[in-house]
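>>> Pasting the sequence and the predicted coordinates here, then a few questions.
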Amino acid sequence: SLTSVGEQAFQGCVHLESIGISGESITSLGKSAFSGTALNTFTFSSELKKIPYRVFSNAKIIEVIISKGVEEIGSSAFANCVSLEKADLPDSIAKIGEEAFYRCENLTGTLTIEENITVIDLNAFEGTGYSELYFNAGANSSDYDLDRAFSGMNNVKKIVVGSRTTKIGFRWFHDLINVT
């Protein structure tokens with residue numbers, strides 16, 4: 001079975017809706033591998049530790065299933081995936097790269113950030129449709145790197161800070177213009 005997909009392997013294949021195998025068997029995935037495709041859904045293997053840079057950017061993907069075991073989502077991994085409606089974050093994720101979900105406007109409802117996610121780079125969720133942000137950092141929240149992580153989330157109207165959060169750091173919720 002297929003275990004590796006190289007950089008830009010299917011980039012720009014705008015009519016590619018299926019690759020005929022489950023992504024769960026893919027343990028090595030290159031940058032921009034499925035960028036610009038029309039794949040509907042994809043399951044990331046628990047063996048894949050990092051979702052690469054721009055892997056699905058500009059794709060028409062609707063749902064991504066990120067298996068427990070994946071630790072990092074690379075920069076712009078799902079940028080401009082305007083059809084993306086579902087991308088749950090397992091508790092194995094520790095880092096989300098810059099603009100990882102940039103302009104994924106159909107990601108709606110509540111974005112939940114638990115204590116395992118300690119690094120969220122600039123504008124990771126800018127332009128998403130989330131209306132609520134549930135943030136539950138752990139006792140080590142002063143060690144977190146979240147500078148402007150949530151900037152540009154203009155649909156967020158409510159922030160809930162969980163009881164385990166001991167500190168909110170520099171510019172964590174900067175420019176959330178519609179929070180009331």
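Good, I have the coordinates.

>>> where do the helices sit along this structure?
Assigned by DSSP state H, the chain shows no helices.

>>> what packs against the lowest-mean-pLDDT helix or strand in it?
Least confident helix or strand, the chain: strand 119-120 with a mean of 90, by mean pLDDT, DSSP states H and E. On a contact count with 3 or more C-beta pairs under 8 Å, 6 or more residues apart in numbering; DSSP states H and E, strand 119-120 meets strand 95-96. All C-beta atoms are positioned from the backbone trio N, CA, C, and that covers glycine.

>>> so what strands line up beside the strand it packs on?
strand 72-73 (parallel), strand 119-120 (parallel) (DSSP bridges).

>>> would you turn those into CSV with distance to Phe101 and mean neighbour count?
CSV is the format used below for these (distance: least, C-beta to C-beta, whole Å; neighbours: other C-beta atoms under 10 Å):
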stretch, distance to Phe101, mean neighbour count
strand 72-73, 8, 24
strand 119-120, 10, 20
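
>>> closest one to Asp91 among these?
Closest to Asp91 of the strands paired with strand 95-96 is strand 72-73 (C-beta to C-beta; 13.6 Å).

>>> of the strands paired with strand 95-96, which approaches Ser32 most closely?
strand 72-73 (14.6 Å).

>>> What lies in contact with that closest one?
Lys49, Lys50, Ile51, Ile66, Ile93, Ala94, Lys95, Ile96, Gly97, Ala100 (C-beta atoms under 8 Å, 6 or more residues apart in numbering).

>>> Then stretch 155-168?
So stretch 155-168 is contacted by 108, 115, 128-139, 141-142, 150, 173, 176, 178-180 (C-beta under 8 Å, 6+ apart).

>>> Over to stretch 145-154?
96, 111, 118-128, 130, 133, 156, 169-178.

>>> Just checking the distance from that stretch to the centre of its chain.
How far stretch 145-154 lies from its chain's middle: 13 Å, per C-alpha atoms, centre = their mean, to the nearest Å.

>>> in it, what's buried?
Leu146, Arg148, Ala149, Phe150, Ser151, Gly152, Met153 (16 or more other C-beta atoms under 10 Å).

>>> do stretch 103-110 as well
Arg103, Cys104, Glu105, Leu107.

>>> The nearest residue to Ser151 once chain neighbours are set aside - how many residues pack around it?
Nearest residue to Ser151, sequence neighbours excluded (C-beta to C-beta, 6 or more residues apart in numbering): Asp175, at 4.7 Å. Neighbour count for Asp175, taken as other C-beta atoms under 10 Å: 14.

>>> on that earlier part again, could I have the buried ones of the contacts of stretch 155-168 as PyMOL selection syntax?
A single PyMOL command selects the buried members of the contacts of stretch 155-168 (16+ other C-beta under 10 Å):
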select buried, resi 115+128+129+130+132+133+135+136+137+141+150+173+176
